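> A structural model of the following input is requested.
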Amino acid sequence: MKNNSYGFTLVELVLVLGIILTLFGMTMFNLVGTQQTSEVGTTADTLVSDMASQQTKAMLGIGTSSGTNYGIYFQTDRYVLFKGNYYNPADSTNFTVMLNSGLQFSNITFPQDSIIFSSVTGTASGFLSGANSVSVGESDGTKTKTISVNRYGIVISEN
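Residues are numbered from 1 along each chain as shown. Okay, here's the model as predicted:
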């Protein structure tokens, strides 16, 4: 009598499932790290875009008949786009941008935690060499990007 049984044994199935689950787990672990890096990069890119926008508004005098300064005020969990020579928390025209949970600003070296772009020229008002950067990163400090600005209000490095 000939035994013609086809199929897999229980040991073979458990072994293959174990290998598949191990590979899936390693893949998911790597994807989570990529998402966190992407979130820090996206936040830094948004901030750089908002800096350029505020500088452009200052140079063009948008919203006023005469030129006015525009700036960005930094707090640990947000930044505020404002109009004027200094940040006024009571100004209704301020626009607040909240950071995603788990992200924060650190090492804010701008004077009074803000960068102000001068009307017409767009230069960084009150620029101090060495006081021209802000870092954005995860709260635990594992992934961080530092944005530095020169006296002309141009982002010179983002690393």
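> where's residue 97, which helix or strand?
strand 95-98 (DSSP states H and E).
> ok, then the element right after that strand?
strand 103-106.
> pull up the pairing partners for that next one, direction included.
Strand 103-106 pairs in its sheet with strand 133-138 (antiparallel), by DSSP bridges.
> against which helices or strands is the helix or strand that the partner strand is followed by packed?
Note on strand 133-138: by DSSP H and E, the next helix or strand toward the C-terminus is strand 144-149. Contacting strand 144-149 under the criterion 3 or more C-beta pairs under 8 Å, 6 or more residues apart in numbering; DSSP states H and E are the following elements: helix 10-60, strand 133-138, strand 155-158. (Each C-beta comes from the backbone N, C-alpha and C, glycine too.)
> can you say which of those is nearest to residue 117?
helix 10-60 (3.9 Å; C-beta to C-beta).
> in terms of secondary structure, what does that closest one contact?
Using 3+ C-beta pairs under 8 Å, 6+ apart, helix 10-60 sits against strand 70-75, strand 78-83, strand 103-106, strand 114-117, strand 133-138, strand 144-149, strand 155-158.
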